[in-house]
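J.: my questions are about this predicted structure, shown below with the sequence.
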Amino acid sequence: MSQSNTNGKNKIRLSELNKWRHSTTGEKVFDIVNILFLVGFALLCLIPFINILATSFATPGEITTRSFILWPRTFTLDAYRYILSTPTIFRSIGVSLFVTVIGTSLSMVLTSFLAYGLSRKYLHGRRMFNFLIVFTMLFSGGMIPSFLVVNSLGLIDSLWSLILPGAVSAYNMIIMRNFFQGIPDSLEESAKMDGAGHFKIFFNIILPLSLPSIATVSLFYAVNYWNTYQGAILYINDHTKWPVQVLLRQIVLVSSGLNADATVVDVVPPAQSVKMAVIIIATLPMLIAYPFVQKYFVKGAMVGSVKG
């Protein structure tokens with residue numbers, strides 16, 4: 001089976017190569033310019049991250065003498081040793097992991113249930129519910145009403161204040177709803193003839209066929225929860241419950257000599273490399289998670305956004 005797949009891929013590559021050889025001069029020029037443009041755009045996106053990574057490993061002397069670093073002359077782990085030598089970063093990472101895992105799980109349960117219900121054409125009031133959900137994408141109560149709601153629920157200084165207010169995203173729900181609508185109704189009708197109920201149809205038929213949509217929306221929710229910042233600033237006063245993004249802000253403020261709680265973050269030289277090291281540590285989990293859902297990402301986003 002693997003040999004036949006390899007032969008098939010080789011045939012496809014040869015056909016594409018032959019097609020390119022027989023294309024006109026204008027088409028070849030366009031392909032070359034397009035490739036060069038995309039490579040240049042990719043480098044523009046990649047170079048800043050390489051600079052951050054290189055600066056986090058650079059020595060204090062090199063940081064002061066070089067304004068832009070892509071490859072440090074001398075590697076040092078002092079910034080990472082300093083950050084990892086204090087319990088503050090581990091506590092913040094633990095808070096972010098808790099919020100991300102619990103929040104993503106809860107959001108996927110609520111969003112998938114809501115999307116499945118609204119994807120069924122026989123649901124009474126379906127148009128009205130869809131309109132109300134889309135309406136929230138255009139108009140929202142704002143920061144002060146949201147704070148009053150969270151405060152009235154007694155969620156101030158609770159990690160649930162970082163999870164519950166954004167538990168369901170209208171955009172993510174629409175992606176899942178449109179994906180569910182693309183599943184043939186005949187599958188549901190056949191299951192009903194065999195005596196299956198809505199929950200059995202949902203868990204045994206709909207979800208297994210919706211892995212691209214589930215992976216895509218899960219990634220959206222996970223990135224959103226991991227990068228939570230504004231909610232933590234508004235609702236969390238206890239610094240022991242700060243997520244890693246707020247800790248990053250404190251490090252930037254302290255190292256810049258601005259007002260901040262220096263008892264929480266005591267930055268020592270080199271401050272610039274410490275800031276860059278924290279950025280790498282804060283970004284690394286999402287970079288590790290993305291390759292596992294990459295093969296589902298494009299398919300889930302495109303099908304869920306276009307269909308319906």
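T.: Yes, it's here.
J.: C-alpha only now, for contacts and for neighbours.
T.: Will do.
J.: domain map for the protein?
T.: Residue ranges of the domains in the chain are recorded as 2-76, 81-306, according to automatic domain parsing.
J.: closest to the centroid, which residue in the chain?
T.: Taking C-alpha atoms, centre = their mean as the criterion, Val223 is the residue nearest the geometric centre of the chain, at 2.6 Å.
J.: tell me who's in contact with it.
T.: Listed by C-alpha atoms under 8 Å, 6 or more residues apart in numbering, the contact set of Val223 reads Thr100, Met286.
J.: and the strand or helix carrying it, which residues are buried?
T.: Assigning secondary structure by DSSP states H and E places Val223 in helix 211-226. Taking 16 or more other C-alpha atoms under 10 Å as the basis for neighbour counts, the residues of helix 211-226 that come out buried are 211-219, 221-223, 225-226.
J.: same question, stretch 83-98
T.: Residues of stretch 83-98 classed as buried: Ile83, Thr88, Ile89, Arg91, Ser92, Ile93, Gly94, Val95, Ser96, Leu97, Phe98 (neighbour count, 16+ other C-alpha under 10 Å).
J.: do I have it right that Ile52 meets Met276?
T.: Yes. Taking C-alpha atoms under 8 Å as the definition, Ile52 is a contact partner of Met276 at 5.4 Å.
J.: any weak-confidence spans in the stretch 51-200 of the chain?
T.: Within the stretch 51-200 of the chain, no stretch has pLDDT under 70.
J.: what about the helices in it?
T.: Secondary structure of the stretch 51-200 of the chain (DSSP state H, counting those that start in this stretch): helices at 60-65, 78-84, 87-119, 126-138, 143-152, 170-181, 185-193, 198-201.
J.: in a markdown table: those helices, plus distance to Ala42.
T.: Listed next are the helices of the stretch 51-200 of the chain as a markdown table, based on distance: least, C-alpha to C-alpha, whole Å:
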| stretch | distance to Ala42 |
| --- | --- |
| helix 60-65 | 25 |
| helix 78-84 | 28 |
| helix 87-119 | 28 |
| helix 126-138 | 31 |
| helix 143-152 | 36 |
| helix 170-181 | 27 |
| helix 185-193 | 42 |
| helix 198-201 | 43 |
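J.: out of those, nearest to Val244?
T.: Across the helices of the stretch 51-200 of the chain, the minimum distance to Val244, taken as C-alpha to C-alpha, is reached by helix 87-119, at 4.7 Å.
J.: between helix 211-226 and the closest one, find me the angle.
T.: Compare the direction of helix 87-119 with that of helix 211-226 by axes from the mean of the first three to the mean of the last three C-alpha atoms, to 10 degrees and you get 140 degrees.
J.: list the buried ones in whichever helix or strand Asp31 is part of?
T.: Secondary structure from DSSP H and E places Asp31 in helix 25-57. The neighbour-count criterion (16+ other C-alpha under 10 Å) identifies Phe49, Asn51, Ile52, Leu53, Ala54, Thr55, Ser56, Phe57 as the buried residues of helix 25-57.
J.: likewise stretch 116-133?
T.: Applying 16+ other C-alpha under 10 Å to stretch 116-133 flags Tyr116, Gly117, Leu118, Ser119 as buried.
J.: mind putting those residues into JSON lines with distance to Gln272?
T.: As requested, the buried residues of stretch 116-133 are exported to JSON lines (distance: C-alpha to C-alpha, whole Å):
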{"residue": "Tyr116", "distance to Gln272": "48"}
{"residue": "Gly117", "distance to Gln272": "50"}
{"residue": "Leu118", "distance to Gln272": "50"}
{"residue": "Ser119", "distance to Gln272": "50"}
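J.: give the helix, strand or coil label for Tyr290.
T.: Each residue gets one of three states, and Tyr290 gets helix by DSSP: H, G, I helix; E, B strand; the rest coil.
J.: what's near enough to touch it?
T.: With contacts taken as C-alpha under 8 Å, 6+ apart, Tyr290 has the following neighbours: Leu219.
J.: and the gap between it and Leu110?
T.: 23 Å (C-alpha to C-alpha, to the nearest Å).
J.: and what of Leu84?
T.: Using C-alpha to C-alpha, one obtains 36 Å as the distance from Leu84 to Leu110.
J.: same check on Ser218?
T.: Here the criterion is C-alpha to C-alpha. By it, Ser218 lies 12 Å from Leu110.
J.: ok, Ala277 next?
T.: The span separating Ala277 from Leu110 equals 36 Å under the rule C-alpha to C-alpha.
J.: these two - which one has more neighbours?
T.: With other C-alpha atoms under 10 Å as the criterion, Ala277 and Leu110 differ in neighbour count, and Ala277 comes out ahead with 26 against 15.
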